[in-house]
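**Q** sequence and predicted model, in that order:
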Amino acid sequence: MIGFTFKYFFKEMKKNISMIGVITGSLLLLSLILSMFYNTTLNPNLNMDDLTAFFMDLFRSTVLLVFMLICIYLIVYSANYYNKVHSRILGLLKIFGHTNQEIVVFFVIQLVIILVVSLILFTLLRIVVTPLLFKFISFYLHEHVDTALFGKGYTDTLAFFFLTILVIIFVEFRYIIQTPTTHLVKGDEVISYKIKTKSLFKEVLYLFLFIYGLYVMTTSTLKIDLIVPLSLCVFGVNGIVKYTLPRIIQTIIQRKNVSGEMMVVLKNYIFIINQMSMLILLSILINLMMPVMIYVYVDISGFFIEFVLMYVFTNLILNYIIYQRLNIRRLENKNSYKKLFTLGYDLKSIKKYSKKEIFLFYLTLFMCISIYLLTLSISLILKEVLPLKALFICLAYIIPMTVMYLITDYKEGRSVLSWKKS
């Protein structure tokens, strides 16, 4: 069993490398955020006897906790997806008579290798990236900012890393024991996909939250308590994308005048939306909440540069994880190519329609973020609360998303050519 485990690990090396990249990136993001928060130049010690200072410290701690949970979630989420894309081999092991304990050991050994490699890469990257980060901060603030490579930021990251390992092992046991063998053999990443049934109340509620969010942005002043109503709006637009949009597209697909190739494209598109729903939610949440905090503290240099860098790093890791999810999906995308080929389409047409799925997904993600972020930014600029140059904040999500889309689009085309050659 041990020999088979290592043989299978190297066979699925491309998927394992994707997992290593996600975990390494999440650990690096968390350690950089912790290093900035623990730095007394960026976050000076506050007088706890002052009520304003107390709430400021509480706010900073809450933001830190949220980012810790996001980083931990991204790792656990990736591990869970790792289980799903390997569900067929797991189901076959069950059919061949292996016990749950043996199957858990099979997956845990592979995850341990991935985690150890990720930890080593994270440490090496931290040694390189952390000094560069604080040199940039020192340059921006025009004062020296000290940092410790293996200080509290690093040790706390390790503590959360080992806590995450325990959560992953628990997820492994629960997934292997609870998932039916028939689902595993068919592919659980497909079985777990479904379009939610129509609920008029939910859809009206999501639409109301969406409109309410736009109203709040155009009428409110720039205060930190703006985050509370805006957080409700996030769930509104997420509900529209996750529930309303797939149902509408499903209705369009059922029409008789829809061509076969467009039917395949739209089905794959809503499949991607469904499978990426949590990453879409996190992207909307980060790209709405972080600009508010950046704008609120635009006149406080330490907080401003700290929140800007957190925003940039988080967008980079989220876009990278989305890219890796699409990358793993591409490895299993032969059925989609086969359907289009069966319908009589040549290689050029298959490439064109497979790229459409990716374009529609990125367009949806871009629109979800742009509607809110541009409305917020332009509204504050028109009210003369912010200068026009504040719009540069929008580049923090436009540039990473555009770059990852172009890379994904190129690789999708290459994937079609590779499928044909095989």
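**A** Cool, the structure landed. Residues are numbered from 1 along each chain as shown.

**Q** who are the packing partners of the longest helix along the chain?
**A** Counting residues, the longest helix found in the chain (DSSP state H) is helix 100-141. Packing partners of helix 100-141 (3 or more Cβ pairs under 8 Å, 6 or more residues apart in numbering; DSSP states H and E): helix 2-11, helix 13-38, helix 51-85, helix 87-95, helix 152-178, helix 301-331. For every residue, glycine as well, the C-beta is placed using N, CA and C.

**Q** Phe139: which of these is closest?
**A** Closest to Phe139 of these is helix 301-331 (Cβ to Cβ; 10.1 Å).

**Q** for the protein, which helix or strand comes out least confident on mean pLDDT?
**A** helix 188-191 (a mean of 46; mean pLDDT, DSSP states H and E).

**Q** next structured bit after that one?
**A** Proceeding N to C from helix 188-191, the next assigned helix or strand is helix 200-219, under DSSP states H and E.

**Q** output the contacting helices and strands for that next one.
**A** helix 227-239, helix 347-382.

**Q** which stretch among those comes nearest Tyr81?
**A** So among the helices and strands packed on helix 200-219, helix 347-382 is nearest, using Cβ to Cβ, at 16.2 Å.

**Q** the next helix-or-strand element following the closest one: which residues count as buried?
**A** Counting by DSSP H and E, the next helix or strand C-terminal to helix 347-382 is helix 395-421. Of the residues in helix 395-421, 396-397, 400-401, 404-405, 408, 411-413, 415-416, 419 count as buried by neighbour count, 16 or more other Cβ atoms under 10 Å.

**Q** find the nearest non-adjacent residue to His144, please.
**A** Ser138 (5.5 Å; Cβ to Cβ, 6 or more residues apart in numbering).

**Q** ok, Val76 next?
**A** Val167 (5.5 Å).

**Q** what is the neighbour count of that neighbour?
**A** Val167 has 14 neighbouring residues, counting by other Cβ atoms under 10 Å.

**Q** circling back to that earlier point, the residue nearest to His144: how many residues sit nearby?
**A** So Ser138, with other Cβ under 10 Å, has 15 neighbours.

**Q** ok, Gly413 - contacts?
**A** With contacts defined as Cβ atoms under 8 Å, 6 or more residues apart in numbering, the neighbours of Gly413 are Lys351, Ser354, Lys355.

**Q** ok, and the most crowded of those residues?
**A** Going by other Cβ under 10 Å, Ser354 tops the contacts of Gly413 with 23 neighbours.

**Q** ok, Ile270 touching Gln250?
**A** Yes - contact criterion Cβ atoms under 8 Å: Ile270 and Gln250 qualify, at 6.8 Å.

**Q** higher neighbour count, these two?
**A** Neighbours per residue (other Cβ under 10 Å) separate Ile270 from Gln250, with Ile270 holding more: 21 against 14.

**Q** measure that one to Tyr362 for me?
**A** According to Cβ to Cβ, to the nearest Å, Ile270 and Tyr362 sit 15 Å apart.

**Q** same deal with Ile393?
**A** When Ile393 is compared with Tyr362 (using Cβ to Cβ), they lie 20 Å apart.

**Q** next one: Leu27
**A** Leu27 is 26 Å from Tyr362, by Cβ to Cβ.

**Q** what helices and strands are in contact with the helix or strand harbouring Phe271?
**A** Of the helices and strands defined by DSSP H and E, Phe271 is found in helix 260-275. On a contact count with 3+ Cβ pairs under 8 Å, 6+ apart, helix 260-275 meets helix 245-253, helix 301-331, helix 334-342, helix 347-382.

**Q** deepest of these, which one?
**A** Neighbour counts (mean count of other Cβ atoms under 10 Å) averaged over each of those peak at helix 301-331, with a mean of 21.

**Q** tell me what angle that helix forms with helix 100-141.
**A** Interaxial angle of helix 301-331 relative to helix 100-141 (axes from the mean of the first three to the mean of the last three Cα atoms, to 10 degrees): 140 degrees.

**Q** by mean pLDDT, show me the worst of the helices and strands packed on helix 100-141.
**A** Least confidently modelled of the helices and strands packed on helix 100-141 is helix 51-85, at a mean of 70 by mean pLDDT.

**Q** who's in contact with the residue lying closest to Tyr362 once chain neighbours are set aside?
**A** Nearest residue to Tyr362 in three dimensions, chain neighbours excluded: Tyr405, at 4.5 Å (Cβ to Cβ, 6+ apart). Contacts for Tyr405 were tallied using Cβ under 8 Å, 6+ apart; they are Ile358, Phe359, Tyr362.

**Q** which among the residues you listed gets closest to Leu111?
**A** Taking these together and measuring to Leu111 by Cβ to Cβ, the closest member is Ile358, at 28.6 Å.
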